[in-house]
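Colleague: Got a predicted structure here, sequence first:
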Amino acid sequence: MVAGSTAEGISQPYSRDSDIDIMTVLTNMIIYENFPDTKSFKKGGYVLQMERDKVVPGYTMIKCIGMKSRNMPYISQIAKLKNIKLFEKDGCYFLRHCCDVHNFTDLRNSQTYSQTKRRRNGDHENFEMHSSGPAFNVNCETSKSKLKLNFDYVTAIPCFCLSHIQNWTHRTRHYGWPDKKLTSKLKNEIGYVVPVGFKGSRNFELEWRICYTGIEINLIHSLNETQIKMCVLLKMVAKAILKPVCKDITSYVIKNLVLWIVERNANEIFTPENLTSLVMLGLRSLRNKVNLRLFGSYMIPERNLFAGKITENEKAEMVRLLDEMLEEGPMFLIKFKELNVLNKAINETMNKPLLAK
């Protein structure tokens with residue numbers, strides 16, 4: 001399945017190097033928060049259980065319940081999966097992920113695999129692949145046509161974590177977004193786990209990050225045009241100006257920022273004439289979160305998106321830069337070489353929709 005900005009239908013004008021996120025879902029496996037009656041499982045599937053007691057919020061280990069021997073059919077079939085290994089810990093089996101760009105053997109420390117292919121027309125295709133978080137990033141560029149394609153591939157396993165969904169569905173909302181009709185629809189959406197552990201954890205390779213990609217896509221689709229434009233402009237500012245200072249200010253961080261802003265403010269303020277003010281509101285909110293190095297994700301608020309990230313130097317530089325932007329207002333754009341691209345995008349966002357049909 002396609003994920004990220006492409007699936008959300010948001011196009012960033014003039015961005016030639018945006019990644020396309022592709023999620024490969026292992027549909028023959030499913031993970032439950034609480035292990036259900038085994039008689040309900042479909043034949044041929046693997047059913048596993050979350051183990052969240054000893055991990056930080058937003059992550060889980062994946063336990064094979066009741067499996068005592070590596071020779072059992074259930075265990076041996078899982079062991080054949082290319083990018084998932086079994087690990088025995090305290091007498092139980094857990095799924096261990098591995099990052100690899102060759103034949104899904106262990107690739108560590110963001111190693112890179114590169115290859116150049118010569119086409120019949122004389123053009124050269126440069127192919128590069130490296131691990132980045134839970135994903136394999138693939139870059140492909142041709143020497144003559146200068147065509148550049150970037151893909152992020154990530155393996156995901158479906159999961160049901162009822163406590164997360166219930167907390168999200170029932171939390172207090174003062175401004176009616178998302179409304180009860182939408183939350184009622186989305187409460188049945190499954191989540192996913194992706195193969196990356198909490199940075200610095202001694203059980204890093206046994207931990208998997210929990211995400212709610214389907215719910216987030218539907219929430220973005222529910223935003224009005226001004227909210228979509230605010231999201232796009234904040235992503236552009238983050239990519240052009242903030243991310244070179246701190247790589248942790250990602251598109252995902254900005255998406256979470258926008259979802260919180262929409263939930264915590266009255267719908268009446270999201271009008272075209274307020275667009276630049278809304279962008280400044282977003283930057284002010286981001287500044288405060290960076291200063292505290294504390295930012296709860298939208299779907300799992302107890303998960304701090306900045307945990308283990310943003311060094312003291314990055315924090316100081318980011319706060320200084322954001323304070324400078326906030327003091328100058330939208331005119332801060334004139335200081336940066338990306339001005340022409342951003343101005344063109346801003347002018348167009350004022351006059352045409354950015355949400356793909």
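Modeller: All right, it came through fine.

Colleague: From here on, just use CA atoms for contacts and neighbour counts.
Modeller: Fine.

Colleague: show me where the stretch 201-350 of the chain has strands.
Modeller: Secondary structure of the stretch 201-350 of the chain (DSSP state E, counting those that start in this stretch): strands at 207-211.

Colleague: Now for this protein, the helix or strand with the poorest mean pLDDT.
Modeller: strand 112-118 (a mean of 44; mean pLDDT, DSSP states H and E).

Colleague: confidence score at the residue nearest to residue 323 when sequence neighbours are not counted?
Modeller: Spatial nearest neighbour of residue 323, excluding adjacent residues (Cα to Cα, 6 or more residues apart in numbering): residue 287 at 7.6 Å. As predicted, residue 287 sits at a pLDDT of 98.

Colleague: Provide a list of residues in contact with residue 287.
Modeller: When contacts are counted by Cα atoms under 8 Å, 6 or more residues apart in numbering, residue 287 touches 318, 319, 322, 323.

Colleague: List the buried residues for the one helix or strand residue 95 maps to?
Modeller: Using DSSP states H and E, residue 95 sits within strand 92-97. For strand 92-97, the neighbour count (16 or more other Cα atoms under 10 Å) marks 93, 94, 95, 96, 97 as buried.

Colleague: any idea how far the third one is from residue 33?
Modeller: With the distance defined as Cα to Cα, to the nearest Å, residue 95 ends up 15 Å from residue 33.

Colleague: Kindly report the same for the first one.
Modeller: When distances are taken as Cα to Cα, residue 93 and residue 33 turn out to be 16 Å apart.

Colleague: any idea how far residue 242 lies from residue 304?
Modeller: According to Cα to Cα, residue 242 and residue 304 sit 19 Å apart.

Colleague: quick revisit: now render the contacts of residue 287 as TSV, adding distance to residue 292 and pLDDT.
Modeller: Formatted as TSV, those follow (distance: Cα to Cα, whole Å; pLDDT from 0 to 100):
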residue	distance to residue 292	pLDDT
318	12	97
319	10	97
322	14	96
323	14	96
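
Colleague: Pull out the buried members of those.
Modeller: Neighbour-count burial (16+ other Cα under 10 Å) is assigned, among the contacts of residue 287, to 318, 319, 322.

Colleague: quick one on the thing from earlier: just checking, what packs against the strand holding residue 95?
Modeller: strand 59-64, strand 84-89 (3 or more Cα pairs under 8 Å, 6 or more residues apart in numbering; DSSP states H and E).

Colleague: For residue 176, find the nearest of these.
Modeller: strand 59-64 (29.1 Å; Cα to Cα).

Colleague: For the closest one, buried residues please.
Modeller: 59, 60, 61, 62, 63, 64.

Colleague: between the residues you listed, which is closest to residue 330?
Modeller: residue 59 (37.8 Å).

Colleague: Find the residue closest to that closest one in space, skipping its chain neighbours.
Modeller: Per Cα to Cα, 6+ apart, closest to residue 59 is residue 209, 4.4 Å.

Colleague: My guess is that neighbour contacts residue 193. True?
Modeller: Yes. Between residue 209 and residue 193 a contact is recorded at 5.3 Å, counting by Cα atoms under 8 Å.

Colleague: Among those two, which residue is more densely surrounded?
Modeller: Using other Cα atoms under 10 Å, the more surrounded residue of residue 209 and residue 193 is residue 193, with 27 against 19.

Colleague: List phi and psi for that one.
Modeller: Backbone torsions for residue 193, taken as degrees, to the nearest 10, come to phi -110, psi 140.

Colleague: Listing request: residues of this structure with sub-threshold pLDDT.
Modeller: For the chain, the stretches with pLDDT under 70 are 1-19, 36-46, 66-83, 98-149, 333-357.

Colleague: For it, give the strand that spans the most residues.
Modeller: strand 148-160 (DSSP state E).

Colleague: Within its sheet, name the partner strands of that one and how each one runs.
Modeller: Sheet partners assigned to strand 148-160 using DSSP bridges are listed as strand 20-25 (parallel), strand 29-32 (parallel), strand 135-142 (antiparallel), strand 191-194 (antiparallel).
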